[in-house]
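Undergrad: Below are the sequence and a predicted model for it; my questions follow.
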There are 4 protein chains.
Amino acid sequence: MIEETDDLFDKLHEECGVMAIYNHPEASKLAYLGLYALQHRGQESAGIASADGIQIYRHKAMGQVSDIFTAEVLAKLPGRLAIGHTRYSTSGDSALLNAQPISVECNKGRIALAHNGNLVNAHEIRAKFEAQGSIFQTTSDTEVVVHLIAQSREQTLEDAVADALRRIEGAFSLVMTTPDRIFAARDARGFRPLCMGRIPASEGRPETVVFASETCAFDLIGANYERDVKPGEMIVVGPEGIHSRYYAPALEQSSCIFEHVYFSRPDSLVFGRSVQASRDEMGRQLARESHVDADLVIPVPDSGVTAAMGYAAESGIPFQFGLIRNHYVGRTFIEPEQRVRDFGVKLKLNPVRALIEGKRVILIDDSIVRGTTSKKIVRLVREAGAKEVHMRISCPPTISPCFYGVDTPSKKQLIAANMTVDQIRDYVGADTLAYLSLEGLKKAAGEGDKTSYCTACYTGKYPTQLVDVHLEDLAAVEVKSE
Amino acid sequence: MIEETDDLFDKLHEECGVMAIYNHPEASKLAYLGLYALQHRGQESAGIASADGIQIYRHKAMGQVSDIFTAEVLAKLPGRLAIGHTRYSTSGDSALLNAQPISVECNKGRIALAHNGNLVNAHEIRAKFEAQGSIFQTTSDTEVVVHLIAQSREQTLEDAVADALRRIEGAFSLVMTTPDRIFAARDARGFRPLCMGRIPASEGRPETVVFASETCAFDLIGANYERDVKPGEMIVVGPEGIHSRYYAPALEQSSCIFEHVYFSRPDSLVFGRSVQASRDEMGRQLARESHVDADLVIPVPDSGVTAAMGYAAESGIPFQFGLIRNHYVGRTFIEPEQRVRDFGVKLKLNPVRALIEGKRVILIDDSIVRGTTSKKIVRLVREAGAKEVHMRISCPPTISPCFYGVDTPSKKQLIAANMTVDQIRDYVGADTLAYLSLEGLKKAAGEGDKTSYCTACYTGKYPTQLVDVHLEDLAAVEVKSE
Amino acid sequence: MIEETDDLFDKLHEECGVMAIYNHPEASKLAYLGLYALQHRGQESAGIASADGIQIYRHKAMGQVSDIFTAEVLAKLPGRLAIGHTRYSTSGDSALLNAQPISVECNKGRIALAHNGNLVNAHEIRAKFEAQGSIFQTTSDTEVVVHLIAQSREQTLEDAVADALRRIEGAFSLVMTTPDRIFAARDARGFRPLCMGRIPASEGRPETVVFASETCAFDLIGANYERDVKPGEMIVVGPEGIHSRYYAPALEQSSCIFEHVYFSRPDSLVFGRSVQASRDEMGRQLARESHVDADLVIPVPDSGVTAAMGYAAESGIPFQFGLIRNHYVGRTFIEPEQRVRDFGVKLKLNPVRALIEGKRVILIDDSIVRGTTSKKIVRLVREAGAKEVHMRISCPPTISPCFYGVDTPSKKQLIAANMTVDQIRDYVGADTLAYLSLEGLKKAAGEGDKTSYCTACYTGKYPTQLVDVHLEDLAAVEVKSE
Amino acid sequence: MIEETDDLFDKLHEECGVMAIYNHPEASKLAYLGLYALQHRGQESAGIASADGIQIYRHKAMGQVSDIFTAEVLAKLPGRLAIGHTRYSTSGDSALLNAQPISVECNKGRIALAHNGNLVNAHEIRAKFEAQGSIFQTTSDTEVVVHLIAQSREQTLEDAVADALRRIEGAFSLVMTTPDRIFAARDARGFRPLCMGRIPASEGRPETVVFASETCAFDLIGANYERDVKPGEMIVVGPEGIHSRYYAPALEQSSCIFEHVYFSRPDSLVFGRSVQASRDEMGRQLARESHVDADLVIPVPDSGVTAAMGYAAESGIPFQFGLIRNHYVGRTFIEPEQRVRDFGVKLKLNPVRALIEGKRVILIDDSIVRGTTSKKIVRLVREAGAKEVHMRISCPPTISPCFYGVDTPSKKQLIAANMTVDQIRDYVGADTLAYLSLEGLKKAAGEGDKTSYCTACYTGKYPTQLVDVHLEDLAAVEVKSE
């Protein structure tokens, strides 16, 4: 039996999507629909906390959003305020323990909090707290933030939150609810996305303010995108209206470029830019940079599709769906004992022999992480009769782990940290292999226009200090950060 | 709460997929994998019967293949023979009762049987049997076939099956297992597909013979496609080898053209022809027949994609994924009480405003059944800023119900049976609307080459008598069959 | 892991309980409550069929009554008529297939039918039907009855049922529903119980007629016991009222005495007599027949309790609950690998050392089947410090299998068919062992008063022919029937 | 639909049972079996934490022990140390949050902790901590204990635990595990039971030390009872052996007498005395104190049985099971809309008319809490034909709530806090009613022998201060404590 995960496709995982709703009679339902639209950012656990002015209610569980939030469960999440969270995680009891939102009671009252991202000084802060006698129930960063809020000497909750956010370093897009207020904040470099929108007032229902990781969550609930939460900004929505403050001076923006390469949904605006447009341009730029004569452009579905279409349009080589994806995928598969070669990949992808046979194929994918899946896919395409297989990747080689919220494997497992492009080409069995250049990628993603990007996974140059990183990781990392 | 079904997309449903395995040490596992690949043909119940030379074992349940067949369940389905079935159906106890394979004991021994298709004289036969004192436990056609086998005066099981098949009229692709033999048969007009393949012998394991509704089921289990079961043919595989007989003279072939338009997976060969190639050609032909000036060709995913690409290639108008499909779809959705307009469609499709805004859009879909979903999709596209919306359908108007295994709604619900194309255009709100011509469709699907097609849903001309059809249906039908 | 079954207690199983309701607005709910009260007669699957004058609805499933029949399920069983069934059975798909009621359509209309008991000529009849081309979907006796009804030449359903019942031999208490009538019938020897009662009319609700295996099912639904269905009697309740007929002449009554010894609930009237009173008298008679000096009378709970109290009262020796039963028993138990001796029994029974230590104990149980559990219990009691253990059984030695609805193990497994009483005493490790005499048992159960009993399990003298019994069984049996 | 709870029987609930195992290769399995035996102390959630010298593992869930701890779950709880907990609780997410053991990380390392009982100054301590900036995730007392340990200035964990225990007031029997040591402690007045035992060494397996709330948990795992943990004692078992210390001077012992009246299993030794023996003596004393002429003594099963037998033995009036308990009880019941009177009670109890009719009955129960169930039971017995019903209760009237771990309803709901015995007699509809005297109860439970008892629920005299008690409760309570 093999377990079904996207690792079969050798992809990186975002760790979370967040959602918040202020002032809607069905706040928890809207949060649920928003999480549903954000499930590509984490589909292994989800949680919602709602508030009705007096109390906070919460439900979180392992599983997919639409399985977790039944009508019965939503009925137990009353009130006009809600925040939601969806994440990847490992299995078991502690997985649920670490699921968000976390909900606590402290001297500033009851709060529930969820965030997307990863702190780089959480362990350091935690060690200090433990030395003072604090106890921790989870291993998540989020609990550190809550301790900072509780122990802050600021008098008001808002000041205490600002104080806490100033003390944490790293990537976070955070939403929080008290019984009667929603907080939304983003780290000072703007690593992870967080946008704000409104559902217009209607028939006696006042306007609703919403926050989400991506705009695709707004479309489903009828909200209009207004703007991004800015790096270093904290927005508070309450009975007195909306106000915004900068809890810290904004630092040089370093938004995650991989949101445009792979993570975000193509129908979203992320960092104010259309993801679809970025990917189309990545494919076009890739065609300009590394042309090859061929008969067909074939994407690795689903994430390679837009870049492949851009590549085809720019190069004039016909685009075809030469690999068909099976979407009826359950949790686990029983594999025959007499193993079928590349079984895991075949469960999901099937080549169309009638299209491929005898053709020179350009295969477009968005990234190669460990290389194992690419090897299998190239083999599938060859076995379906391709004469040549030219692999093109719509970003540069991934050589360094991410410490800002992406679940990268260690450097040892990153094929591009250990092999040259030629070696990778030989390993995956392609006739040629080319990656998009870093400059080409930045241009395609609109660098300089509204946004500047973090590209540490391609360069090893990290925009923050890395306090929590273990020594062996630092050693590896330092070489790259020179 | 709205229930999640593909009806949101206003599609027709195939009723079944079938699978059979002869002589493999893990027969039930292969049947399960085959069903997994055939799930697009019916994902609401599934069953497998296996045989070990002496006994027959069976498990069937409501739900999706990968949920039903756990390692534990497959362990209780031993033996080197297996047949499998997956189907659409309604909910509740009787749904399970009617799930296949059915397994019975009669004077010819124990048999298990599954079929894809629909008999047009089942009610008539059933009525005769009941008059003689037979009892029926299900309302399925399959039980009628079994009664015919049991009551046949032929001495051998094989002759009795042939005798039974001669007495039934309509569409059926049937697989059957006894404790030690697999039977596969197809009706005399070849309505529904059924193909045969082999897994080559390997390391002491002898060759395995397999049957499936589509070849995509072969790819996953490493089987090679050999040929279709012919109309009127019955193939028996047993210890003595494979033999074939024609239980009835083949009639004029009338294979279901809608398999190529919508049902089958694009990576399958169906009726010996690539489905992908047919759909690409449908799009190209549609572009030739009904050109319109526009900026973008956008498919209604997933089924409109290949035709849209053919259309774009032929017309030179750029193709774009302007509608993004959400694949994380669970069973049910809780809708806000303050209804979101077109909520059901928005759950699954989200337009990419950045692409669509200000553009003249050609929207390609494979069919319009009731028209309700098309109306919503056109509205979605307009609300995303499209300047013009031109709808193109890759087959002719659907005007008549199918009696051969497709779950068509009644004529009253078929929009094209009740409106002209201009009226439909106005109803769905498109600027222009055009369908592929019947001749164009037949050509695109390769009519005349190896296959001739049933096109009754577009013409109302039925290739068989319709014994079971109720009077009111006949009235409606007769008008059209003139 | 050991599976939790009552086999740990080495008990015989009744195969079924039945229930029927005529003319109540909540018929299926009452059937469900009746089944709940009858669960001691079979707690592994249950089913209800209801009828509303036009249609029949049915639900059956594996599991316990209160788990199966949720409010949601009962809502799908409308109508003023209902029949219900609960049974023991083995696991897996075929178990559900064989669960009752079975529901079929035949030339006499749609009927649903359930019965308690076992036919002794079902295989013979079935073989004849199969030779004629009939098919069978289950392996249950009930399906044979349905075929007999369908094939009867009688014109009316009532005559056809009577005809069918005349052709079957053995033990059956049967309830049946058509869309608008309830049938209840009992075999000509009255093996298994079936009683009739009424819920009085109230506030516009007319009187309701009910049938059940035991009167304890009446108490919960507010019905009053009226009388037993007589041996050979068929009662039909419909819009025209109640009428009764004898489909066959009543034969010498041979009601199952083991209903009084063990099966039935003590709070029921069975065969018109209080079960509690019978058991109390069995204990008293046992004390008279086999007195022994001792300090304490201890029952094996729960079934030995009443007889133990009778024994104590008659003998003057104090009664104590020296073995405590744990009622929180789930389905399976994980046993330590370092095995605990007599683990299975200890899970359920714990001796009270403070009571037992140093005492001469009389242990009362209702039967010894295989002897394995008795051996463990005697050991438990000795390990808790008992000085002497005297075992007394409230019926004679069980030497012959039952063919009338009790799930007896084969003769090879019945300890008393293979050992003398002295040998059994040594095997179980008791100081003395005595059984109640056959005459004593009959007297205690009121033989001759209203009822005469079948005692075949104690005598090997069967009141019917045993057509279906396999040769090896017959051989063994014939010896005993001399 | 009514929910199935023991409230139908108007009983008080213990809040917890605890278990600990030191040095056994299958520690978590033994903990599970111990919890299984302790389920009468709380069957709504359960948890186990195990330790293997380096790490702590934990699983807790809502539900019954044998449903929660499957072989799969136990396999994830490795190590030679384990603690377990089972409890009553309310439903929902926070119920699980509050389930025990709780497991935290602090400056003294990782610990898991579970306790039985209730602290009377937890709110006060918690308020202080929150003022200092501590955060709380649960509302349980246990989290307060953990904060006290973490904030203690003592250097070693053992000293810190002793320090923490000195600061809490109330009732607690506590077990704790670190990665390599088990702690067991009991409050200074010894309210709740906690006993210690050993499993002898065997075949290379060294001796195992175990702790449990009651000795019945020892019987199943083959452990021998050694002694109780003393009031004020803390026992630590680790690689260096067992040592004991008194973290506080023992105060006047005030063990909960209701453990002997109702909570504990009759086969347990509790506070060093046989529960069965206590209950038998309560019944005898009751007979001496309040004799009445009658024909039968009938217990309310199961808890009234032993006292009823004592009553019958002392009075010479015959004992009979006149009320039969249905043990097949699921979670919820669907009640007919046409309500059955006393439905909830009838689901569980059925009177044996044949025994009761025309008789003068003495009905023995262990307590009356709200009186509602007693009223229904008396009515059941009368409707079954009893000529007279004399109710006898085997303890004094319950007039005051418990603050030491029993889930008593408020004074307003306690019938005896609001009515005289004569009024209660009229309310429940008995002919006579008598309670056991306080002196009689103490004598029956062995007061003075080894134990002195807390009888606050009968007297309103509380052995501790009641810091956390709300003002309105105090008012009510003070009156009684005069």
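TA: Yep, it's here.
Undergrad: Which segments of chain A make up each domain?
TA: Listed by automatic domain parsing, the domain ranges of chain A are A:12-251, A:278-448.
Undergrad: Kindly confirm my reading that A:Ser400 forms part of a strand.
TA: No. With DSSP: H, G, I helix; E, B strand; the rest coil as the criterion, A:Ser400 is located in coil rather than a strand.
Undergrad: ok, it touching A:Pro409?
TA: No. A:Ser400 lies out of contact with A:Pro409 (C-beta atoms under 8 Å); the separation is 11.3 Å. For every residue, glycine as well, the C-beta is placed using N, CA and C.
Undergrad: So these two - more neighbours on which side?
TA: More crowded of A:Ser400 and A:Pro409, by other C-beta atoms under 10 Å in any protein chain shown: A:Ser400, with 24 against 16.
Undergrad: Who are the contact partners of the more buried one?
TA: Contacts for A:Ser400 (C-beta atoms under 8 Å, 6 or more residues apart in numbering or on different chains) come out as A:Thr408, A:Lys411, A:Leu414, A:Ala417, A:Ala456, A:Cys457, A:Tyr458, A:Thr459, A:Gly460, A:Val477, A:Lys480.
Undergrad: Next: A:Gln43.
TA: Applying C-beta under 8 Å, 6+ apart, we find A:Gln43 in contact with A:Gln64, A:Val65, A:Thr86, A:Tyr88, B:Tyr328.
Undergrad: 6 Å instead, please
TA: For A:Gln43, the contact set (C-beta atoms under 6 Å, 6 or more residues apart in numbering or on different chains) comprises A:Gln64.
Undergrad: before we move on, what about the one 3 residues further on?
TA: Taking C-beta under 6 Å, 6+ apart as the criterion, A:Ala46 is in contact with A:Leu35, A:Val65, A:Ile68, A:Thr86.
Undergrad: could you redo the last one with a cut-off of 7 Å?
TA: A:Leu35, A:Lys60, A:Val65, A:Ile68, A:His85, A:Thr86 (C-beta atoms under 7 Å, 6 or more residues apart in numbering or on different chains).
Undergrad: Go through the residues you listed and name the one nearest chain B.
TA: The closest of the contacts of A:Ala46 to chain B turns out to be A:Val65 (C-beta to the nearest C-beta; 7.4 Å).
Undergrad: Touching, the closest one and A:Ala37? I think so.
TA: No. Using C-beta atoms under 7 Å, A:Val65 makes no contact with A:Ala37, being 9.2 Å away.
Undergrad: Tell me which of these two has more neighbours.
TA: More neighbours surround A:Ala37 than the other of A:Val65 and A:Ala37, with 30 against 27 (other C-beta under 10 Å).
Undergrad: now the residue lying closest to the more buried one once chain neighbours are set aside: how far from chain D?
TA: Nearest non-adjacent residue to A:Ala37, counting by C-beta to C-beta, 6 or more residues apart in numbering or on different chains: A:Ala217, 4.3 Å away. Note on A:Ala217: its distance to chain D, by C-beta to the nearest C-beta, to the nearest Å, is 24 Å.
Undergrad: Could you grab the helix/strand/coil label for A:Ala217?
TA: A:Ala217 is classified as helix under three-state DSSP.
Undergrad: and it, what does it touch?
TA: Going by C-beta under 7 Å, 6+ apart, A:Ala217 touches A:Met19, A:Gly34, A:Ala37, A:Leu38.
Undergrad: Those: which two are farthest apart?
TA: A:Met19 and A:Ala37 (8.8 Å; C-beta to C-beta).
Undergrad: need the helix or strand of chain A with the lowest average pLDDT.
TA: Sorting the helices and strands of chain A by mean pLDDT, DSSP states H and E puts strand A:2-3 at the bottom, at a mean of 36.
Undergrad: Output the contacting helices and strands for whatever helix or strand comes next after that one.
TA: Moving toward the C-terminus from strand A:2-3, the next helix or strand (DSSP states H and E) is strand A:16-22. With contacts defined as 3 or more C-beta pairs under 7 Å, 6 or more residues apart in numbering or on different chains; DSSP states H and E, strand A:16-22 has these neighbours: helix A:27-37, strand A:81-87, strand A:109-119, strand A:170-177, strand A:182-186, strand A:208-212.
Undergrad: Pick the most deeply packed of these.
TA: strand A:81-87 (a mean of 31; mean count of other C-beta atoms under 10 Å in any protein chain shown).
Undergrad: what does that one contact?
TA: Residues outside strand A:81-87 that contact it (C-beta under 7 Å, 6+ apart): A:15-22, A:27-28, A:31-32, A:34-35, A:38-39, A:41-51, A:65, A:99-101, A:112, A:114, A:175-177, A:182.
Undergrad: How confident was the prediction at A:Gln480?
TA: Actually, residue A:480 is Lys. It isn't Gln. Looking at A:Lys480, its pLDDT stands at 32.
Undergrad: Now do the contacts for the residue lying closest to A:Leu438 once chain neighbours are set aside.
TA: Distances taken as C-beta to C-beta, 6+ apart place A:Pro396 nearest to A:Leu438, at 4.9 Å, with adjacent residues excluded. Listed by C-beta under 7 Å, 6+ apart, the contact partners of A:Pro396 are A:Tyr435, A:Leu436, A:Ser437, A:Leu438, A:Leu441, A:Tyr458.
Undergrad: and with 8 Å instead?
TA: Listed by C-beta under 8 Å, 6+ apart, the contact set of A:Pro396 reads A:Tyr435, A:Leu436, A:Ser437, A:Leu438, A:Leu441, A:Thr455, A:Tyr458.
Undergrad: What of A:Gly34?
TA: Each residue near A:Gly34 by C-beta under 8 Å, 6+ apart is listed here: A:Met19, A:Ile21, A:Gly84, A:Val210, A:Ala212, A:Ala217, A:Phe218, A:Leu220, A:Ile221.
Undergrad: tell me which residues form a beta bridge with the fifth one?
TA: Taking DSSP bridges, one finds A:Met19, A:Cys195 as the beta-bridge partners of A:Ala212.
Undergrad: what about it, distance to C:Leu96?
TA: Separation of A:Ala212 from C:Leu96 (C-beta to C-beta, to the nearest Å): 46 Å.
Undergrad: Repeat that for the fourth one.
TA: The spacing between A:Val210 and C:Leu96, counted by C-beta to C-beta, is 48 Å.
Undergrad: Compute the first-to-last residue distance for stretch A:97-113.
TA: 14 Å (C-alpha to C-alpha, to the nearest Å).
Undergrad: Enumerate the positions of it that are buried.
TA: A:97-108, A:110-113 (16 or more other C-beta atoms under 10 Å in any protein chain shown).
Undergrad: same question for that stretch, mean pLDDT?
TA: 88.
Undergrad: gap between that stretch and the chain center?
TA: Averaging C-alpha positions (C-alpha atoms, centre = their mean, to the nearest Å) puts stretch A:97-113 23 Å from its chain's average.
Undergrad: cool, and stretch A:49-68?
TA: Mean-position distance between stretch A:49-68 and its chain equals 21 Å (C-alpha atoms, centre = their mean).
Undergrad: For that stretch, buried residues please.
TA: Neighbour-count burial for stretch A:49-68, counted by 16+ other C-beta under 10 Å, picks out A:49-51, A:56-62, A:64-66, A:68.
Undergrad: which residues sit against stretch A:334-341?
TA: Residues contacting stretch A:334-341 (C-beta under 8 Å, 6+ apart): A:1-2, A:343, A:346, A:379, B:25-26, B:29-30, B:32-33, B:69-71, B:74, B:202, B:205, B:220-222.
Undergrad: OK, now which residue of chain A is nearest to chain C?
TA: A:Glu72 (12.1 Å).
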